[in-house]
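1. coords please:
(one chain, ligands or ions: 1)
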Amino acid sequence: MDFSSTMRPADMERITTPEQADAFIVEAVDAVRAQVGDGKVLLALSGGVDSSVVAALLIRAIGKRLVCVHVNHGLMRKGESEQVVEVFRDGLDANLVHVDASDRFLRLLEGVAEPEAKRKVIGNEFVAVFAEEAARLEGVGFLAQGTIYPDILESAGGVKAHHNVGGLPEDMDFELVEPVRLLYKDEVRVVGRRLGLPASMVDRQPFPGPGLGVRCLGAITRDRLEALREADAIVREEVEAAGEDIWQYFCVVPDMRATGVRDGARVFDWPVIIRCVNTVDAMTAEVPELGWSLMKRMTARILAEVPGVCRVAYDLTPKPVGTIEWE
Ligand code: XMP
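-> Numbers count the residues shown, from 1 in each chain. This is a model prediction of the structure:
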């Protein structure tokens with residue numbers, strides 16, 4: 001395989017088997033070593049499939065000369081940042097810088113209600129935190145990215161500018177290392193499994209870069225964000241326990257309250273909206289018909305376990321007209 005190419009050769013076999021993945025890993029490790037020599041590489045490790053697989057691959061190729069920077073923006077799902085530390089630092093002995101920047105992000109987001117403005121705050125702050133961490137390191141000449149083939153195709157087709165970490169500062173003078181740039185998502189997952197990453201990381205559902213920030217509608221508050229995180233964890237747990245194969249399943253908490261009654265007293269608390277969709281390319285999406293018992297279990301648990309919530313609704317809107325996310 002030609003790792004310097006930006007186009008996937010027409011005769012390149014699809015990686016579907018463990019043997020094909022192993023062969024790819026051997027070639028990719030050699031290519032990374034040839035490119036990097038005895039240099040150091042920096043990687044923004046979100047914990048998503050693509051950056052995780054690139055991290056595992058580079059650890060195999062160059063060990064601790066890969067510096068992984070994981071920025072927790074405070075908008076991760078429950079347990080997600082902890083899993084990054086567990087898998088990479090504890091499991092793979094990675095050179096991992098874990099930055100808990102939650103406070104910084106949440107303070108900047110205070111009172112920001114408009115969806116695009118929220119995205120901008122999160123994206124800009126991500127770049128700022130990452131650049132600060134990069135500036136602390138010495139002798140890093142390379143930047144690894146989890147670019148995959150659909151990113152290249154979409155950029156070339158002008159569909160969207162692809163960026164994996166919210167865009168990096170232009171004055172960063174790094175040479176790019178993109179070992180999975182010719183692979184499709186399903187191939188990246190096969191490779192990730194062979195590199196020993198856990199299924200919960202390799203098979204995880206897509207999650208937007210701005211994280212729970214676009215699901216805690218309007219101006220984010222810490223208590224409502226916490227309610228969202230807890231409800232989201234319950235939905236994930238129950239959908240997975242039911243063995244449902246759903247593309248994306250999550251919650252949204254609007255910035256409004258609803259009347260309820262709890263222990264004989266009136267409450268005025270948040271509603272949680274459960275959003276599940278199936279799609280092939282995220283351009284259109286259908287809402288799956290979940291079993292009633294799963295619906296009832298999720299509802300009962302959210303109402304019993306999540307403080308501040310007094311109502312649960314299921315979003316029946318296909319895309320179009322609704323988008324998958326609410327913001
Ligand atoms: P929409 O809401 O546009 O979402 O129907 C389509 C897919 O894209 C994801 N999404 C995002 N991913 N940054 C991302 O990295 C974002 O700002 C963002 N907004 C939406 C969404 O989760 C769905 O899979």
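
2. tell me the residues of the protein that contact the ligand?
-> 119, 206, 208-210, 248, 282, 319, 323-325 (CB under 6 Å from any ligand atom). The C-beta positions use only the backbone N, C-alpha and C, and glycine is treated the same way.

3. let me know the closest of the residues you listed to residue 172.
-> Within the residues of the chain next to the ligand, distances to residue 172 taken as CB to CB reach their minimum at residue 209, with 18.4 Å.

4. what pLDDT does the model give the closest one?
-> With respect to pLDDT, residue 209 scores 95.

5. quick check: it touching residue 127?
-> No: counting by CB atoms under 8 Å, no contact exists between residue 209 and residue 127, whose distance comes to 11.7 Å.

6. wait, is residue 117 part of a helix?
-> Yes: in this structure, residue 117 lies within a helix as judged by DSSP: H, G, I helix; E, B strand; the rest coil.

7. what about it, how many neighbours?
-> Here the number of neighbours of residue 117 (other CB atoms under 10 Å) works out to 11.

8. that one and residue 125: what is the separation?
-> 12 Å (CB to CB, to the nearest Å).

9. dump the residues of the chain next to the ligand into JSON lines; add secondary structure as well.
-> Below are the residues of the chain next to the ligand laid out as JSON lines (three-state DSSP):
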{"residue": "119", "secondary structure": "helix"}
{"residue": "206", "secondary structure": "coil"}
{"residue": "208", "secondary structure": "coil"}
{"residue": "209", "secondary structure": "coil"}
{"residue": "210", "secondary structure": "coil"}
{"residue": "248", "secondary structure": "strand"}
{"residue": "282", "secondary structure": "coil"}
{"residue": "319", "secondary structure": "strand"}
{"residue": "323", "secondary structure": "coil"}
{"residue": "324", "secondary structure": "coil"}
{"residue": "325", "secondary structure": "coil"}
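
10. of those residues, just the buried ones, PyMOL syntax please.
-> Selecting just the buried residues from the residues of the chain next to the ligand in PyMOL takes one command, with 16 or more other CB atoms under 10 Å as the test:
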select buried, resi 119+208+209+210+248+319+324+325
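
11. low-confidence stretches in this structure?
-> Segments of the chain classed as low confidence (criterion: pLDDT under 70) are 158-171.

12. what segments of it are strands?
-> Taking DSSP state E as the criterion, the chain carries its strands at 40-44, 66-72, 95-100, 140-144, 175-177, 248-252, 258-262, 265-277, 309-314.
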